[in-house]
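**Q** whatever this is, show me its structure:
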Amino acid sequence: MNLFTEIRALVLDCLDAMVAEGTLPQGLSWDAVAVEPPRDAGHGDMATNAAMVLAKPAGMPPRAIADALALRLAADPRVTRAEVAGPGFLNLRLAPAVWQGVVRAALTDTGFGRSTLGQGRRVNVEYVSANPTGPLHVGHTRGAVFGDALASLLAYAGWDVTREYYINDGGAQVDVLARSAYERYREACGHAPEIAEGLYPGDYLVPVGEALKAKYGESLLDKGEQYWLSEVREFATAMMLDMIRDDLAQLNITMDVFFSEKSLYGTGRIEAAIADLDAKGLIYRGTLEPPKGKTPEDWEPREQTLFRSTAHGDDVDRPIQKSDGSWTYFAPDIAYHYDKVSRGFDALIDVFGADHGGYVKRMKAAVAALSDGRVPVDIKLTQLVKLWKNGAPFKMSKRAGNFVTLRDVVDQVGPDVTRFHMLTRKNDAPLDFDFDKVLEQSKDNPVFYVQYAHARVQSVLRKAVEAGVAVDHASLAAADLAGLAHEAELKLARQIAEWPRLVEIAARGNEPHRIAFYLYDLASDVHSLWNRGNDDPSLRFLQAGDSGITQAKIALISAAAVVISAGLGILGVTPADEMR
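**A** Model prediction:
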């Protein structure tokens, strides 16, 4: 049930009737007609822009359309008042029975809030995709949480979602990993490691060195790297990937696909992607202009193989092959997305760190070219996370060598707090993560505030059961809900009615943070109703001697709990049944 969709359908039916009777001309489109909450809740429950968007194509004053539409809408039993405001906006006030119906729907419809927006289309969400050279750090944590919540949101909205991790194991960084692991192998064999500048210093490679010794004994000692580099690289990369999988598991994240960059090399897959672009006239030999900030004196022009990315919206064309014949970093990325397109996805989403902002236009150009504009790609950048504890920046991790790891964060506050707090800001806004504040039990801590609302409802349910009141959803939905007429109760019901609409808005914009914001507002209405019951006994959920009205009031907060649980499920957070 999406109440906003239902009321919009009512508005369109009234407009159709106005056309049939000649009040409106034939041939008008209703596409721009919307029904939304008014900016000021005091103006009504819903508002429609119908008169404003139809005035020009209809050749009529918006007020004339609004007045005629208001008369028709007011005749519907769901509408208690339809008022024209300003030049032609139309505000609607709905009957209490409508909101009571929302409560009943939330309790009986197991799919309440779910959407068919995606229509079963296939979307690939690629996120994290960190180099397999060490444990995930706090920056990866934000990308991991954002990507996973986005994937869950899209699945909830009717998409067929594939969660994917791109393993950057084809570049020079894995050779650095191998050399770093070899030093830890030497250490395991009783030699002092030589962690030269440029190698990875973290203690996390100590177990890799010990595992290498367990497998090879001392047979790799005192040999040139041409004898051991390849094997150590494979061994260390595999162990790092196991560590990364374990790190993700700490946040309850499981990937559907791990795609290896290395699988693109020497297999003809890069060449096939470039050949596809070449066949479209998008590959040529040329020389680029100097980058911004370069002067002719310090710029050496070189002929390279270029992708004509400007044909698809990029600022400049991009090199894909160097003058020495080797591929640039961009070439395997093109091949990887060519593979995604070839797998038949209807849409692609890439979650990158903020430091990859320069890649957005070129990657969009590549996907547009490879798919002939058929497959849209949305690239989401996650901004930096600043960690604080005891009023000071959180110290670096000795184990990692030079950064705070995902496990450092989860070990401090747990996966639920980590996930929720990472979504309390839009992905492209910087985020402060204060270890003290995220564990604070107050209204200022959104994680606590939302979970506490759910726990409070569960507490009421337990007390109701002790009093002999049936609180299963079927019994609550069958109760007489007419008693839910107080403004504070209707306010909560209105917030519940927002859930299906909010899901679609968040899914359309690929914005899971909207779920966190909404849950905070919903929790606020639950707490407000609870607190008002302290002053007004008629608003208390348990009404002694009146099981009927008790069931109605419990139905309302149970419906809120259903939505809170669903929203937390999208965010990957466990609803709390009690707070300690």
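**Q** okay, and the beta partners of the closest residue to residue 85 other than its chain neighbours?
**A** Nearest residue to residue 85 in three dimensions, chain neighbours excluded: residue 91, at 5.6 Å (Cβ to Cβ, 6 or more residues apart in numbering). Any C-beta I mention is one placed from the backbone N, CA and C, and that applies to glycine too. Residue 91 has these beta-bridge partners by DSSP bridges: residue 47, residue 83.
**Q** pull the number of nearby residues for residue 91.
**A** Neighbourhood size, residue 91 [other Cβ atoms under 10 Å]: 21.
**Q** where does residue 29 land in three-state SS?
**A** Put simply, residue 29 is coil when judged by DSSP: H, G, I helix; E, B strand; the rest coil.
**Q** now do the contacts for it.
**A** By Cβ atoms under 8 Å, 6 or more residues apart in numbering, the contact set of residue 29 is residue 57.
**Q** distance of it relative to residue 138?
**A** 49 Å (Cβ to Cβ, to the nearest Å).
**Q** same check on residue 125?
**A** Residue 125 is 21 Å from residue 138, by Cβ to Cβ.
**Q** with residue 67 instead?
**A** With Cβ to Cβ as the criterion, residue 67 and residue 138 are 57 Å apart.
**Q** more neighbours: the two, which one.
**A** Just comparing residue 67 and residue 138: by other Cβ under 10 Å the higher neighbour count belongs to residue 138, 22 against 15.
**Q** tell me the contacts of the more buried one?
**A** Contacts of residue 138 (Cβ under 8 Å, 6+ apart): 385, 387, 403, 404, 405, 406, 408, 409, 433.
**Q** check the fourth one and give its pLDDT.
**A** Residue 404 carries a pLDDT score of 85 in this model.
**Q** how about it, nearest residue that isn't a chain neighbour?
**A** residue 138 is the one closest to residue 404 (Cβ to Cβ, 6+ apart), at 4.8 Å.
**Q** low-scoring pLDDT stretches of this protein, where are they?
**A** By pLDDT under 70, the low-scoring segments of the chain are 293-299, 396-402, 580.
**Q** the spatially closest residue to residue 464 that is not a sequence neighbour: what secondary structure?
**A** Spatially, and ignoring its direct neighbours in sequence, residue 464 is nearest to residue 471 (5.0 Å; Cβ to Cβ, 6+ apart). Going by three-state DSSP, the secondary structure assigned to residue 471 is coil.
**Q** roughly how far does residue 471 sit from residue 356?
**A** Distance from residue 471 to residue 356, by Cβ to Cβ: 50 Å.
**Q** these two: who's more crowded?
**A** residue 471 (18 against 15).
**Q** ok, residue 517 - how many residues close by?
**A** For residue 517, using other Cβ under 10 Å, the count is 17.
**Q** list the residues that contact the residue nearest to residue 85.
**A** Contacts of residue 91 by Cβ under 8 Å, 6+ apart are 38, 43, 44, 46, 47, 82, 83, 84, 85.
**Q** quick one: residue 240 and residue 134 touch, right?
**A** Yes. Between residue 240 and residue 134 there is a contact at 6.7 Å, judged by Cβ atoms under 8 Å.
**Q** what do those two both touch?
**A** Joint contacts of residue 240 and residue 134 (Cβ under 8 Å, 6+ apart) are residue 177.
**Q** hmm, who's touching whichever helix or strand residue 105 is part of?
**A** Element membership for residue 105 (DSSP states H and E) is helix 96-108. Contact with helix 96-108 is made by 1, 3, 78, 112, 473-474, 476-477, 481-482, 484-485, 490, 493-494, 496-497, 499, 555-556, 558-559, 562-563, as judged by Cβ under 8 Å, 6+ apart.
**Q** likewise for stretch 565-572?
**A** Counting by Cβ under 8 Å, 6+ apart, residues outside stretch 565-572 touching it are 112-113, 145, 148-149, 152-153, 156, 251-253, 415, 419-420, 423, 450-451, 454, 499, 512, 515-516, 518-519, 522, 574-575.
**Q** from these, keep the buried residues only.
**A** Buried subset of those (neighbour count, 16 or more other Cβ atoms under 10 Å): 112-113, 145, 148-149, 152-153, 156, 251, 253, 415, 419-420, 423, 450-451, 454, 499, 512, 515-516, 518-519, 522, 574-575.
**Q** picking that back up, just give me how far the helix holding residue 105 sits from the chain centre.
**A** 28 Å (Cα atoms, centre = their mean, to the nearest Å).
**Q** only the buried residues of it, if you could.
**A** 96, 98, 99, 100, 101, 102, 103, 104, 105, 106, 107.
**Q** now render those as JSON lines, adding distance to residue 34.
**A** Putting the buried residues of helix 96-108 into JSON lines (distance: Cβ to Cβ, whole Å) gives the following:
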{"residue": "96", "distance to residue 34": "24"}
{"residue": "98", "distance to residue 34": "19"}
{"residue": "99", "distance to residue 34": "21"}
{"residue": "100", "distance to residue 34": "25"}
{"residue": "101", "distance to residue 34": "22"}
{"residue": "102", "distance to residue 34": "20"}
{"residue": "103", "distance to residue 34": "25"}
{"residue": "104", "distance to residue 34": "26"}
{"residue": "105", "distance to residue 34": "22"}
{"residue": "106", "distance to residue 34": "24"}
{"residue": "107", "distance to residue 34": "28"}
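**Q** of the residues you listed, closest to residue 381?
**A** residue 106 (35.2 Å; Cβ to Cβ).
**Q** one step back: ok, then the element right after the helix holding residue 105?
**A** strand 122-126.
**Q** tell me which residues of that following strand are tucked away?
**A** For strand 122-126, a neighbour-count test (16+ other Cβ under 10 Å) marks 123, 124, 125, 126 as buried.
**Q** name the residues that touch it?
**A** 147, 150-151, 154, 159-166, 340, 343-351.
**Q** among those residues, which are in strands?
**A** Counting by DSSP state E, the part of the contacts of strand 122-126 found in strands is 160, 161, 162, 163, 164, 165, 166, 347, 348, 349, 350, 351.
**Q** still on that earlier bit, only whichever of the contacts of strand 122-126 are buried, select them in PyMOL.
**A** Selecting the buried subset of these in PyMOL, with 16+ other Cβ under 10 Å as the burial test, is done by:
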select buried, resi 147+150+151+154+159+161+162+163+164+165+166+340+345+346+347+348+349+350+351
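**Q** so which strand or helix has residue 496?
**A** Going by DSSP H and E, residue 496 is in helix 487-508.
**Q** what angle sits between the helix holding residue 105 and helix 487-508?
**A** 60 degrees (axes from the mean of the first three to the mean of the last three Cα atoms, to 10 degrees).
**Q** distance from whichever helix or strand residue 407 is part of to the middle of the chain?
**A** Per DSSP H and E: residue 407 is located in helix 406-413. From the chain centre to the centre of helix 406-413 is a distance of 21 Å (Cα atoms, centre = their mean).
**Q** got the buried residues for it?
**A** 406, 407, 408, 409, 410, 412, 413.
**Q** my read: residue 304 touches residue 283, true?
**A** No. With contact defined as Cβ under 8 Å, residue 304 does not count as touching residue 283 (10.9 Å).
**Q** the residue nearest to residue 464: what's it in contact with?
**A** Residue 471 neighbours (Cβ under 8 Å, 6+ apart): 461, 464, 465, 551, 554, 558.
**Q** what's the end-to-end length of stretch 27-47?
**A** With Cα to Cα, to the nearest Å as the measure, stretch 27-47 spans 24 Å from end to end.
**Q** and residue 57, how many neighbours?
**A** Residue 57, neighbours per other Cβ under 10 Å, totals 13.
**Q** for residue 37, which non-adjacent residue is spatially closest?
**A** residue 46 is the one closest to residue 37 (Cβ to Cβ, 6+ apart), at 6.4 Å.
**Q** gap between that neighbour and residue 72?
**A** For residue 46, the distance to residue 72 equals 15 Å [Cβ to Cβ].
**Q** cool, residue 217 as well?
**A** Residue 217 is 87 Å from residue 72, by Cβ to Cβ.
**Q** swap in residue 271?
**A** Taking Cβ to Cβ, one finds residue 271 at 64 Å from residue 72.
**Q** between those two, tell me which one has more neighbours.
**A** residue 72 (19 against 14).
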